[in-house]
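Q: show me the folded form of this:
(chains A and B)
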Amino acid sequence: MFSVNFAIIFPFIIAALVPFLYRRIKFVHIGWFVMLVPITLFILLARLIPSVASGKTFFHTYNWIPSLDINFTTYLDGLSMIFGLLITGVGSLVILYSIFYLSTKESLQHFYSYLLLFMGAMLGVVFSDNLMVLYVFWELTSVSSFLLIAFWNHRKASRQGAQKAMLITVSGGVAMLVGFIMLHTMTGTFSVREIVLSIRDFTDHTLFLPTMILVLLGAFTKSAQFPFHIWLPDAMEAPTPVSAYLHSATMVKAGIYLVARFTPVFGGDQVWFWSVSVIGMMTMFWGSFNAVRQPDLKALLAYSTISQLGLIMSLLGLGSIALNIGYSADSIIYTQATFAALFHLINHSTFKGALFMVVGIVDHELGTRDIRRLGGLFTLMPFTFTIAVIGGLSMAGLPPFNGFLSKEMFFAATVQISNADVFSLQTFGVIFPIVAWIASIFTFVYCLIFIIKTFLGPAQPEKLDKPIHEAPVGMLISPLILCAFVVGIFFFPDLLGKYILQPSMASVYPTFGDPKELTPSIYAWHGFNAELMMTIGVIVIGALLYNQLKKWKPVYGLFSQKYTFNMLYNSMLSSTEKGSTIVTKGYMTGFLRDYLVYIFVFFIVTVGGFLFYSGAFSIDISTDASIRVYEAILVGVMAVAAVAMLFAKSRITATLLNGVLGYSIAIFFVIFRAPDLALTQLVVESVTTALFLLCFYFLPEWKRETSSSKTKLTNAIVSIGVGVVVMLVAFSVLNYEKFETISRYFENAYELAGGANIVNAILGDFRGFDTMLEVVVLFIAGLGIFTMIKLRAKKEDADIEN
Amino acid sequence: METLIIILIGILTAVATYLILSRNIIRVILGTAVFSHAVHLLILTMGGLKKGSVPLLKEADAPYTDALPQALILTAIVISFAVTAFILVLAYRAYQDLGSDDLHALRGTNDE
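A: Below you'll find the model as predicted:
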């Protein structure tokens, strides 16, 4: 049996190998090899569908940092199965498509490395049971998305779009991390399964609400929910296969996954219900409303994706109410919202993936995706047109396509929720069907725009750079397969329901007994009921609005461009940059002296402050050794010599005074029974003094310090502060007797190392490795000195030095 | 004795700090040299002074004075010599190429 951990690691390994493969394989597009990865994983996962459908789950763990409760634990259940299949399935199709979309002149080794990196990270997100590991993969998807959006990094818009996506999703991710840590504080575990089991004891915890909000922030930013949706349209600068894969089918659904995964944790709470469903509804409306006015086909699809993500999100919110009511015959009806959410999640990936590929084909073959320059393509691009119609009508919610089924279930769920009698829904619940209906009208309108403005009407070949022609077969295979799913799911929805959706319902509602009860039979025809009436209304009003588009489009002009969320984002970004520049310039003065003052003041404050704070300071002079007269004289000489250095008029005097200090220390070494040190010190001090004098020959005469008296005073205070702190520390250490000395060990030097001179034995034997590295330091310093003296820049390199 | 030496260490450290904060590069280098003197004395003092005989097993009798600080200082002397030599030559080279020994003048351009 294959381990799910392998499925996560496998793409990463291949991602590392792709650049090497790319260099070897010149004769064929590297994408063919890369495609094998998702196909393999898809097959491996698909083989597990029957056992997962029968209620089995797969759990595998590798201990990573058990002391911190962080383990590489994977958990395959119904919910992660859906996402795993989407990631690998859509991934295979997108790579197949990209083989024909990207020419071999592009830096394919980067593209496919990033894509595999993303695939591994995304699989990691959906299969990880440990929240910390999930978080790492979560941020990795943001990073790989950043790399892929900025794939054409010579374009400014690409770089900015990548930055925007990165900033928004990563800040949400950090909020989520804090939420995860709070969860751990509450429940004592990072495992999602264990949290689900134990969370009922913590619903009154003070951290419960903040945790929920932080986790939701992560989900909302990732899934481009209002008002964080602004990054998704800008992310469309990525190559179209990437948009189809990351920014419609998989990555943006990570937020949906998170909300679904955490529904058993937080679901049932009123705040969760209202925030998820209302934010979802707002996103759905705002996305569809804005999609209508986009002249760029890809931007239209981006806003449509935002809208559809909002739809799925709001359904998950509506479905969470069942957990509040508890498991009963009445509450089953509310779980249908969650069922619809998961169903629409799959449907959306199929039709939106196909539509993105259509836009990619149009852009690739005709050089534009501006609907004002397009039109009348259907006669010359019949296959592309067919795909667009199937995908578009499915998105609009028309039969016989899968979008119709999930859209009807969505309407049914909103009507159902307005009749619920918890959370004061009897008063406010009615907004759900109304907003859903209005948003669906706009959805219908932009679907019509997508199909009609691009493919019908008069052709405008004079506005195009290239002649109109059908795409190569290779580019049509992937969208056609997706279209087969769009139609196939409509006719055989129960197959999907039984094998894929039913086990995932068990993941969202683990306490609700038999998942079979939660899985309704999906019917295309269910009589003249409220949802069918709503669909008919959408078609009628939508067609009318499309017809009268010119008359009401000026509505969009009413929104001032000054107060958009994009402007808010831009001004925040620029003011942060300005603010940090001011702060940085304030202390990064470029003067060595200032930086040293920071270091010294920090030393005084922390070390001195700690001594004061901890009360560690102590003086005990009773154990001192005796002082002889000549020793006191020597100390006096050194003190005078040191202070005199400060006032030395010439550099020679200062250097000689330094020599006085050095030789005096050598004498102290003799007094303190350290003959080796005394010898070394004498030699080194002589050489150092000579070296100073040698350098003076090449350096200018010592000028008077011209610093202001204020600077000098600061320097003096800092210096005295450092001196005092060092003294205090020395006193405290001297009398610190808590540890046994380790020096007695070395007195066994003759038996252990065969040396009678203990100091030499330590240097040459006990700490021989240390001494060897010391020699390396000497060697490096010597090399540096040699280079600095001997090497000169050549004339032509002269400006490098400046 | 220890108290006296510690006070001396304090003076040396203060002097070294003041020198390091100067503008003249030679004073900075001298400051680092004085700093290493202070630190050598500090390490030695922390091991206790005059607590035993010379740490030569064949030449003297126990108790021996603490040999570990001595070994550390020996390493430190050599390293500080290497560093002093290195920055002296660095100052020399900087003066050769840039024509100044004033750290304010060596600051670089303003628009960075």
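Q: A:Ile279: what's it in contact with?
A: A:Ile279 is in contact with A:220, A:225-226, A:310, A:313-314, A:317, counting by Cβ atoms under 8 Å, 6 or more residues apart in numbering or on different chains. (C-beta placed from N, C-alpha, C; glycine too.)
Q: any buried residues in the helix or strand hosting it, and which?
A: Applying DSSP states H and E as the criterion places A:Ile279 in helix A:270-291. For helix A:270-291, a neighbour-count test (16 or more other Cβ atoms under 10 Å in any protein chain shown) marks A:272-273, A:275-291 as buried.
Q: convert the helix or strand following that helix to CSV, retaining C-alpha atoms only.
A: Following helix A:270-291 in sequence order, the next helix or strand is helix A:297-319 (DSSP H and E). The C-alpha trace of helix A:297-319 is given here as CSV (Å, rounded to 0.1, in the frame of the first residue of the first chain):
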residue,chain,number,x,y,z
LEU,A,297,-11.7,37.9,-20.7
LYS,A,298,-9.3,36.8,-18.0
ALA,A,299,-10.3,39.5,-15.6
LEU,A,300,-13.9,38.5,-16.2
LEU,A,301,-13.1,35.0,-15.3
ALA,A,302,-11.1,36.2,-12.3
TYR,A,303,-14.1,38.1,-10.9
SER,A,304,-16.3,35.1,-11.7
THR,A,305,-14.0,32.9,-9.8
ILE,A,306,-14.2,35.3,-6.8
SER,A,307,-18.0,35.1,-7.1
GLN,A,308,-18.1,31.3,-7.3
LEU,A,309,-15.7,31.0,-4.4
GLY,A,310,-18.0,33.2,-2.4
LEU,A,311,-20.9,30.9,-3.4
ILE,A,312,-19.1,27.8,-2.1
MET,A,313,-18.0,29.7,1.1
SER,A,314,-21.5,30.9,1.9
LEU,A,315,-22.9,27.3,1.4
LEU,A,316,-20.3,26.0,3.9
GLY,A,317,-21.5,28.7,6.3
LEU,A,318,-25.1,27.8,5.8
GLY,A,319,-24.4,24.1,6.3
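Q: what angle do helix A:270-291 and helix A:297-319 make with each other?
A: Interaxial angle of helix A:297-319 relative to helix A:270-291 (axes from the mean of the first three to the mean of the last three Cα atoms, to 10 degrees): 160 degrees.
Q: helices and strands around helix A:297-319, which ones?
A: Helices and strands touching helix A:297-319, by 3 or more Cβ pairs under 8 Å, 6 or more residues apart in numbering or on different chains; DSSP states H and E, are helix A:231-234, helix A:240-244, helix A:254-266, helix A:270-291, helix A:332-366, helix A:402-417, helix A:431-448.
Q: show me the one of these that comes nearest A:Gln502.
A: When those are compared by Cβ to Cβ, helix A:332-366 sits nearest A:Gln502, at 9.0 Å.
Q: quick check: mean pLDDT of the next helix or strand after the closest one?
A: Next helix or strand after helix A:332-366 toward the C-terminus (DSSP H and E): helix A:382-396. Average pLDDT, helix A:382-396: 91.
Q: helix A:382-396: how far from the chain's middle?
A: On the basis of Cα atoms, centre = their mean, to the nearest Å, helix A:382-396 sits 34 Å off its chain's mean C-alpha point.
Q: what comes up buried for that helix?
A: A:383-396.
Q: within reach of chain B, which of those are there?
A: The subset of the buried residues of helix A:382-396 within reach of chain B, counting by Cβ under 8 Å from any Cβ of the partner chain, is empty.
Q: follow-up on the earlier one: return the most buried member of the helices and strands packed on helix A:297-319.
A: helix A:240-244 (a mean of 28; mean count of other Cβ atoms under 10 Å in any protein chain shown).
Q: could you give the number of residues near the residue in chain B that chain A sits nearest to?
A: At 3.1 Å from chain A, B:Ala14 is the closest residue in chain B, using Cβ to the nearest Cβ. By other Cβ atoms under 10 Å in any protein chain shown, 25 other residues sit near B:Ala14.
Q: residue contacts, the residue lying closest to it once chain neighbours are set aside?
A: Setting aside the residues directly before and after it, B:Ala14 is nearest to A:Gly723 in space (Cβ to Cβ, 6 or more residues apart in numbering or on different chains), at 3.1 Å. Neighbouring residues of A:Gly723 by Cβ under 8 Å, 6+ apart: B:10-15, B:17.
Q: shouldn't A:Phe27 be within a helix?
A: No: using DSSP: H, G, I helix; E, B strand; the rest coil, the assignment for A:Phe27 is coil, not a helix.
Q: let me see the contact set for the nearest residue to A:Val435 once chain neighbours are set aside.
A: Once flanking residues are discounted, A:Val435 sits nearest to A:Met281: 4.8 Å by Cβ to Cβ, 6+ apart. Contact partners of A:Met281, counting by Cβ under 8 Å, 6+ apart, are A:310, A:314, A:431-432, A:435-436, A:439.
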